[in-house]
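> Would you be able to build a 3D model of this:
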Amino acid sequence: SEYTPNPFDVTQTYYRFRVEIQPFETKKLIVAERQPLVDSYKMSALTFQDLDMFLARRYINETVKQRLSSLLELRMRIFQMEEKLKALDAEEKEISADQARLRENIEALTKTPEAKQLISRYIGKANEQETRIEAINKERQTLKTDRQRLENELAEAIKNFDL
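Numbers count the residues shown, from 1 in each chain. I've put the predicted structure just below:
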């Protein structure tokens with residue numbers, strides 16, 4: 001089998017090979033170029049399908065797959081918490097808009113004597129909404145604390161991850 005001999009000199013741009021030949025002699029020097037193939041994957045873009053493919057191609061073993069899966073699960077839990085936080089923000093914004101409308105209606109109704117029942121209903125609804133806003137704020141704070149804990153856990157797991 002033909003192989004590439006080791007170069008006797010290497011520069012930044014060239015490999016130099018030494019081949020001794022006699023006058024009128026012809027020799028073949030076969031130089032094979034090798035370039036390692038490297039694919040890089042970011043943890044933030046890695047999917048469970050990627051892990052299955054890595055395992056099928058024997059890039060990783062089952063143990064590494066399980067460890068990477070646990071990192072992905074942490075990332076998914078963080079994403080779910082962020083989605084819940086967005087939903088809470090949207091709900092609070094909707095309540096605020098509704099309360100502005102209720103205040104306008106109450107102000108307009110105070111000028112009519114027969115509107116006491118409707119005003120009471122609006123005030124009752126505003127009280128319910130205030131209770132919900134308090135619950136949203138508590139839930140938001142809990143989610144933010146949990147998300148921060150998971151982010152720290154994920155960062156620590158990534159930092160300590162080795163193959």
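
> What helix or strand is Lys138 located in?
Taking DSSP states H and E as the definition, Lys138 sits inside helix 116-159.

> Neighbours of Gln129, how many?
Around Gln129 sit 17 other residues, with neighbours defined as other Cβ atoms under 10 Å. Every C-beta, even on glycine, is put in place using the N, C-alpha and C of the backbone.

> Okay, it and Lys93: tell me how far apart.
12 Å (Cβ to Cβ, to the nearest Å).

> which residues are in contact with both of the two?
With contacts taken as Cβ atoms under 8 Å, 6 or more residues apart in numbering, not a single residue reaches both Gln129 and Lys93.

> if we can go back for a sec, for the helix holding Lys138, the distance to its chain's centre please.
Distance of helix 116-159 from the chain centroid (Cα atoms, centre = their mean, to the nearest Å) equals 23 Å.

> Quick check: mean pLDDT of it?
The average of the pLDDT scores along helix 116-159 is 90.

> so what does that helix touch, helix or strand wise?
Using 3 or more Cβ pairs under 8 Å, 6 or more residues apart in numbering; DSSP states H and E as the contact test, the elements touching helix 116-159 are helix 62-109.

> Could you check the angle the helix it packs on makes with helix 116-159?
On the basis of axes from the mean of the first three to the mean of the last three Cα atoms, to 10 degrees, helix 62-109 is oriented at 160 degrees to helix 116-159.

> what is the rounded mean pLDDT of helix 62-109?
Throughout helix 62-109, pLDDT has a mean value of 90.

> just how off-centre is that helix within its chain?
Using Cα atoms, centre = their mean, the mean C-alpha position of helix 62-109 is found 16 Å from that of the whole chain.
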